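Undergrad: Here is a sequence together with a model predicted from it:
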Amino acid sequence: MPEIEELLKGREQELASIADAAATGQREKVVDGVASLAVGLATGNPLLAALAPLARKGIARALGNSADEMFRRELAAMEKDEERQKFLSQIDDVVAALVGQALIQLVRNQHAVKDEVLTALGGLRSDFELFRDDFRRRVTEQSEPVAMSDDLGDVRIRESTTRSVKSKFMAGARQDLRELLRLLEDTATPFRAQNQRMRELVATMKQRPEIQEQLEFEKFFVRYHAEMNALEKFEFDQLRATTEGILYPRNAAALAVLDRSPHLVELVPELSRLRDHLVFWCNKYQKVFVSTPQMCVVYVGVEDRVPFPTGVEGSIRSWLEGCA
């Protein structure tokens with residue numbers, strides 16, 4: 001089927017109205033707006049069997065209520081007004097994702113779904129799990145069962161359309177993996193340089209008889225930070241600056257790529273371990289490093305046992321080369 005974003009073209013006024021209602025807390029208007037939009041999509045594209053359930057007022061209303069709940073939850077979690085404005089300015093992408101996830105939930109309720117169907121509807125996104133659960137509950141509570149179209153159940157998507165959707169999906173995956181690879185490559189040299197300079201600093205400090213305790217690097221600096229002379233503190237500050245200004249922004253950006261595109265793990269399995277590493281690394285940076293000025297590096301490989309997956313860059317390159 002065509003990309004849902006394409007189906008939303010020409011409905012900018014409806015989307016803007018939904019965004020305004022969400023911004024001002026007019027929940028009933030959000031529900032009505034999303035429900036009306038869903039019915040309009042289904043009745044305006046009668047040849048697309050996948051959209052047929054949305055023509056049912058009960059289904060459309062359930063979608064509207066679940067969308068409103070999602071908007072309320074997301075906006076409440078945003079502390080800054082500019083964050084909320086940015087979120088609402090992307091209302092077309094958000095609504096397209098909601099429609100796709102709702103259709104996926106409807107199909108999953110009654111059918112074993114092929115991967116190409118999930119791909120055509122935007123993929124099973126982990127960041128919309130709460131929305132899908134809420135939508136499923138609301139649909140289940142309806143007294144009249146939802147009968148899915150045979151065309152949808154039998155996955156009769158025209159081959160040409162499937163190829164087009166798959167091509168678009170693969171293009172997006174290539175773009176995400178190229179971005180991820182660039183971020184990993186951007187951190188490789190700074191990390192190696194930092195690690196070498198850190199080891200040299202530790203070796204220098206250990207030349208003093210009173211500093212002989214064998215500790216992991218993070219604990220070493222916390223333990224002996226106060227014992228540093230001026231030159232050692234200068235070197236320490238440069239190491240900390242590398243963590244703050246180079247490693248953290250790129251690690252956080254890499255984690256964001258993996259979170260917004262969870263399907264990448266299916267293409268490059270090593271990315272699952274990479275995500276685990278980045279989750280631990282970023283959490284340690286945010287919750288410990290920032291508030292501990294005696295730290296200059298962040299490591300999660302030894303003590304936390306979540307090492308960086310060696311060779312993951314090569315795996316990404318191999319996939320990209322194979323799909324060139």
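TA: Yep, it's here. Residues are numbered from 1 along each chain as shown.
Undergrad: what sits up against stretch 84-92?
TA: With CB atoms under 8 Å, 6 or more residues apart in numbering as the contact definition, stretch 84-92 has outside contacts at 5, 8, 12, 15-16, 18-19, 22-23, 74-75, 78, 94. The way it works is simple: take the backbone N, C-alpha and C, and place the C-beta from them, glycine included.
Undergrad: Check stretch 174-182 too.
TA: 254, 257-258, 260-261, 264, 267-268, 271, 313, 316-317, 319-320, 323.
Undergrad: Using PDB, write out every CA atom in it.
TA: Only the C-alpha atoms of stretch 174-182 are listed here, as PDB (Å, rounded to 0.1, in the frame of the first residue of the first chain):
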ATOM      1  CA  ARG A 174      20.500   2.300   4.600                       C
ATOM      2  CA  GLN A 175      20.300   5.900   5.600                       C
ATOM      3  CA  ASP A 176      20.000   5.000   9.300                       C
ATOM      4  CA  LEU A 177      22.900   2.600   9.100                       C
ATOM      5  CA  ARG A 178      25.100   5.100   7.400                       C
ATOM      6  CA  GLU A 179      24.300   7.600  10.100                       C
ATOM      7  CA  LEU A 180      25.000   5.100  12.800                       C
ATOM      8  CA  LEU A 181      28.300   4.000  11.200                       C
ATOM      9  CA  ARG A 182      29.400   7.700  10.900                       C
END
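Undergrad: Would you mind listing the buried residues in that stretch?
TA: For stretch 174-182, burial by neighbour count (16 or more other CB atoms under 10 Å) applies to 176, 177, 180, 181.
Undergrad: which ones among those are found in helices?
TA: Judged by DSSP state H, helices contain the following of the buried residues of stretch 174-182: 176, 177, 180, 181.
Undergrad: List the contacts of residue 221.
TA: When contacts are counted by CB under 8 Å, 6+ apart, residue 221 touches 236, 294, 295, 296, 297.
Undergrad: Hmm, I typed the wrong one, I wanted residue 78.
TA: Going by CB under 8 Å, 6+ apart, residue 78 touches 84, 87.
Undergrad: how near is residue 86 to residue 253?
TA: With the distance defined as CB to CB, to the nearest Å, residue 86 ends up 16 Å from residue 253.
Undergrad: quick one, which of these two is more surrounded?
TA: residue 253 (16 against 11; other CB atoms under 10 Å).
Undergrad: For the more buried one, pull up the helix or strand it's in.
TA: helix 248-260 (DSSP states H and E).
Undergrad: okay, that helix in CSV with CA atoms only?
TA: What follows is helix 248-260, C-alpha atoms only, in CSV (Å, rounded to 0.1, in the frame of the first residue of the first chain):
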residue,chain,number,x,y,z
TYR,A,248,28.6,11.6,24.9
PRO,A,249,26.9,13.6,22.1
ARG,A,250,27.7,10.9,19.5
ASN,A,251,26.8,8.0,21.8
ALA,A,252,23.5,9.6,22.6
ALA,A,253,22.8,10.2,18.9
ALA,A,254,23.7,6.6,18.0
LEU,A,255,21.3,5.3,20.7
ALA,A,256,18.6,7.6,19.3
VAL,A,257,19.0,6.1,15.8
LEU,A,258,18.6,2.6,17.3
ASP,A,259,15.6,3.6,19.3
ARG,A,260,13.7,5.2,16.4
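Undergrad: low-confidence ranges in the stretch 1-150 of the chain?
TA: Per-residue confidence for the stretch 1-150 of the chain (pLDDT under 70) gives these ranges: 1-5, 42, 44-55, 104-124, 142-150.
Undergrad: Next, residue 304: secondary structure please.
TA: Three-state call for residue 304 (DSSP: H, G, I helix; E, B strand; the rest coil): coil.
Undergrad: looking at it, residue 63 is touching residue 98, isn't it?
TA: Yes - using CB atoms under 8 Å, residue 63 is in contact with residue 98, at 7.2 Å.
Undergrad: Which residues are in contact with each of these two?
TA: residue 34.
Undergrad: ok, the two, which is more surrounded?
TA: Between residue 63 and residue 98, counted using other CB under 10 Å, the more crowded position is residue 63 (30 against 25).
Undergrad: residue contacts, that one?
TA: By CB under 8 Å, 6+ apart, the residues touching residue 63 are 34, 35, 38, 54, 98, 99, 102, 135.
Undergrad: Let me know the closest of those to residue 201.
TA: residue 98 (51.5 Å; CB to CB).
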